[in-house]
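In: this one's structure only:
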Ligand code: BES
Ligand code: ZN
Ligand code: ZN
């Protein structure tokens, strides 16, 4: 990650090889390079050679616009040959935070599989007058987000369930989490038969990863559960070729859980927090689970399988069951669960589901404050009827083509004990988890969706 150097000097007095200056709504009046910018017909972004300044437009002075503009600016600067750049800070703590986060997340690139490593001259960003706590929070969040991005971007041949477990263990060591990894035998002992069925045709053993963070003054216990499909081929209900590409990102929910736990530990929040990651690969083979099978979940409910591509909910049903044994005050799952959620909300927005109106609203608010987009999708009893099964307790797919994000959410809801219904939330991150064309602070590839929203939620619970 690029280095942030925070000084208490005035912007004008800071020495640097280049500058980033924000323009608000194309208003060039007070700027040194006003005339040149007019000649350049400044619209969104322009570099003025004589003053070595990159000017970036903001439609409005908001944290959200600043994050996006900073990401865009730092990407432009990355291609130039300056060693450092100073950034003009606008607004207060919230805006400063967004600016630094935009820089750190916008600068990210995934180059693991490129044989020619590009050399980047730029290695330091100078900011001035920023509260040190703000800088630290931005650094922690960006590091978590970029860790999640690295993991999700890693190809399925490398990022197997065992690899996720190894990285989880390494990260735990670094930040002070405990990490317990359940292997096939331990998963069998836990009676997670639905998860095991999904995994059965894979050459890679499944892992259930259990991370724990405990502050000595913890008042509340949060449990995050993540779908960690290291690859989703669809199984016997095989995905069409075009839809299979990007399914390495089906582990985004699980990886986000690792990022969330890591950030919470480093922020030292006064909470007890658990992360449960169901790391599994969904493949085909002679021993694959089949449409028509009936599975016996850990929660005791039988599940009719009618489509092996609706595998995430099977893995999550068992992980949510395990998670409820921890007696959570809040239980939140993150998953790239349905294409239907992407159709419904678009590719930038997370779907928030659950039984508790206030809790859903609270998460929506936290997401928005954190800079993520999230909207609620409401359950109703007509949709619930669509996942009834004639031969088992519940069916893993809906009998209708419509409302697929909600019926998937209601399927998960059926595995939540009455006692925990009001504390559970399901976040469908299928849209924003993987970016095919860069937007906001996100370059191409994995975005780290869910990290900012859930850390913000945790901060709120710790207050
Ligand atoms: N992993 C997919 C959902 C997905 C789709 C994530 C597109 C990201 C982008 C999930 O396992 C899946 O395949 N869901 C099916 C459910 C269907 C069989 C009921 C889907 O959405 O088509
Ligand atoms: Zn699937
Ligand atoms: Zn999937």
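Out: Ah, there it is. Quick caveat: nothing in here was measured; it's all calculated off a predicted structure. Ligands and ions are numbered 1, 2, ... in the order given.
In: Report how many residues lie close to the closest residue to ligand 2 within the chain.
Out: With distances taken as Cβ to the ion, the chain approaches ligand 2 most closely at residue 309, which sits 3.8 Å away. Every C-beta, even on glycine, is put in place using the N, C-alpha and C of the backbone. The local packing count at residue 309 equals 19, with neighbours defined by other Cβ atoms under 10 Å.
In: what are the ranges of the strands in the stretch 301-450 of the chain?
Out: Along the stretch 301-450 of the chain, the segments classed as strands by DSSP state E, counting those that start in this stretch run 302-304, 330-335, 349-354, 373-376, 394-395, 424-428, 434-435, 445-446.
In: and what of the stretch 1-150 of the chain?
Out: With strands called from DSSP E, counting those that start in this stretch, the stretch 1-150 of the chain shows them at 3-7, 19-24, 45-48, 53-58, 84-87, 124-128.
In: list the contacts for residue 98?
Out: Residues in contact with residue 98, defined by Cβ atoms under 8 Å, 6 or more residues apart in numbering, are 63, 64, 66, 67, 70, 371.
In: about what we covered before: distance check, the residue of the chain closest to ligand 2 against residue 395.
Out: According to Cβ to Cβ, to the nearest Å, residue 309 and residue 395 sit 14 Å apart.
In: ok, longest helix in the protein?
Out: If you go by DSSP state H, the chain has its longest helix at helix 132-153.
In: List the buried residues for that one?
Out: Along helix 132-153, the positions that meet the burial threshold by neighbour count (16 or more other Cβ atoms under 10 Å) are 134-135, 137-153.
In: per-residue confidence for residue 116?
Out: pLDDT recorded at residue 116 is 89.
In: sorry, back to before: the contacts of residue 98 into TSV, with extra columns for neighbour count, distance to ligand 1 and pLDDT?
Out: Formatted as TSV, these follow (neighbours: other Cβ atoms under 10 Å; distance: Cβ to the nearest ligand atom, whole Å; pLDDT from 0 to 100):
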residue	neighbour count	distance to ligand 1	pLDDT
63	21	28	97
64	17	24	96
66	27	29	98
67	23	24	98
70	27	28	98
371	22	21	97
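In: For the stretch 51-200 of the chain, just list every one of the helices.
Out: 63-78, 93-106, 132-153, 161-175, 184-189, 193-199 (DSSP state H, counting those that start in this stretch).
In: right, so of those helices, which gets closest to ligand 3?
Out: Shortest separation from ligand 3 across those is recorded for helix 193-199, at 9.3 Å, computed as Cβ to the ion.
In: which residues touch that closest one?
Out: Applying Cβ under 8 Å, 6+ apart, the external contacts of helix 193-199 come out as 161, 184, 187-188, 205-206, 208, 235, 278, 280-282, 289, 293, 295-298, 303, 305, 308, 311, 314-315, 317-319.
In: Count the neighbours of the closest residue to ligand 3 within the chain for me.
Out: Nearest to ligand 3 in the chain, going by Cβ to the ion, is residue 232, at a distance of 3.7 Å. Counted with other Cβ under 10 Å, residues neighbouring residue 232 total 27.
In: does the residue nearest to residue 159 when sequence neighbours are not counted sit in a helix, a strand or a coil?
Out: In this structure, residue 159 finds its nearest non-sequential neighbour in residue 230, 5.5 Å apart by Cβ to Cβ, 6 or more residues apart in numbering. Residue 230 carries the three-state label strand when classified by DSSP: H, G, I helix; E, B strand; the rest coil.
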